Structures are given as structure tokens and as C-alpha cells.
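J.: compute the structure for the input listed below.
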Amino acid sequence: PAFAAGYVLLFLFIIAQFYLGTQFVHFRSRIAKITDERVTMISQAVAGIRVVKMMGWELAFVDKIKKIRQRETSEIQDGAKLKAWNEAIFFATNLTVSAVIFFAHIYMGYHLTPRQVFTTFTLINIVQLT
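T.: Have a look, this model is predicted:
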């Protein structure tokens with residue numbers, strides 16, 4: 001019964017990690033589009049540098065490129081936050097699930113033995129990594 005409580009919590013953590021992973025994929029695709037837009041803009045500026053210089057459009061191109069880069073940086077930061085949450089959940093899962101199992105086990109009136117603790121840690125690690 002105590003292991004079931006921990007297993008349910010582990011399942012919820014896995015669902016959260018899956019959701020964050022799918023969101024991260026969406027961020028990466030948006031970042032790739034913005035990066036492509038920025039690289040295209042820079043390539044156009046470099047290819048037509050004579051016209052840009054002759055017409056005095058340097059500042060206009062720099063402003064456009066800066067705005068695109070700011071959007072790109074913002075998306076990268078948001079994606080990094082999602083990735084950080086995902087990794088935090090991954091590393092906290094083992095300890096949190098084990099603590100819930102141990103507390104439920106003790107709450108139900110049982111006593112913990114080192115054998116149960118080590119077995120629980122091992123099973124949680126195996127389930128989490130598969």
C-alpha cells in the first residue's frame with residue numbers, strides 16, 4: 001500500500017516531465033524559426049552591404065537584427081527555464097517518492113528496516129530510469 005502511494009506520485013512526476021519535454025520541443029522549433037529569420041537578415045545585409053552603406057540603412061538593419069535577436073534570446077531563456085524545471089523534477093523525484101513511501105509506511109504503523117529502505121531506493125531508481 002505504501003509503495004502504491006509512491007508509485008502514483010512517480011507516475012504524476014513522469015507525466016509532468018513528459019509535458020515539459022513536449023513544451024521544450026515546441027520552444028526549440030520556434031527558436032529555430034527565429035534563428036533562421038535572423039541569419040537570413042544578416043545574410044541579406046552582408047550580401048547587399050554596398051547598397052546598405054550607400055543608402056545609409058545600417059541603423060535600420062541593426063535595429064531589425066537586434067529586435068529579432070531579442071526575441072530569439074527571450075525564447076531561449078524560456079526554453080532553458082522549462083529544461084531546468086524538467087531536470088529539477090527528475091533529480092527530486094527519487095527523494096520525494098521515497099520519502100512519501102517511507103512516511104506512508106510509518107503512518108500505517110509499520111517499522112522501517114535498512115533492507116526495505118535500500119530495496120525501495122533501488123526499485124525507484126529502476127522505475128525512474130526505464
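
J.: please make it C-alpha for all contacts and neighbour counts, starting now.
T.: Noted.

J.: the residue nearest to the spatial centre of the chain: what's its closest spatial neighbour, skipping adjacent residues?
T.: The residue lying closest to the centre of the chain (Cα atoms, centre = their mean) is residue 83, at 1.7 Å. With sequence-adjacent residues excluded and distances taken as Cα to Cα, 6 or more residues apart in numbering, residue 83 is closest to residue 24, at 6.8 Å.

J.: element containing that neighbour?
T.: Using DSSP states H and E, residue 24 maps to helix 2-47.

J.: could you tell me how far that helix lies from the centre of the chain?
T.: Centroid displacement of helix 2-47 relative to its chain, using Cα atoms, centre = their mean, to the nearest Å, is 6 Å.

J.: and that helix, what other elements does it pack with?
T.: If contacts are counted by 3 or more Cα pairs under 8 Å, 6 or more residues apart in numbering; DSSP states H and E, helix 2-47 sits against helix 58-107.

J.: using CSV, list the CA coordinates for the helix or strand just after the helix it packs on.
T.: The C-terminal neighbour of helix 58-107 among helices and strands, as given by DSSP H and E, is helix 114-129. Extracted in CSV, the C-alpha atoms of helix 114-129 (Å, rounded to 0.1, in the frame of the first residue of the first chain):
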residue,chain,number,x,y,z
PRO,A,114,17.5,-1.0,6.2
ARG,A,115,16.6,-3.7,3.9
GLN,A,116,13.3,-2.1,3.0
VAL,A,117,14.9,1.3,2.6
PHE,A,118,17.6,0.1,0.2
THR,A,119,15.2,-2.1,-1.7
THR,A,120,12.8,0.9,-2.1
PHE,A,121,15.6,3.2,-3.4
THR,A,122,16.7,0.5,-5.8
LEU,A,123,13.2,0.0,-7.2
ILE,A,124,12.5,3.7,-7.5
ASN,A,125,15.8,4.2,-9.4
ILE,A,126,15.0,1.3,-11.8
VAL,A,127,11.4,2.5,-12.4
GLN,A,128,12.5,6.1,-12.9
LEU,A,129,15.3,5.3,-15.4
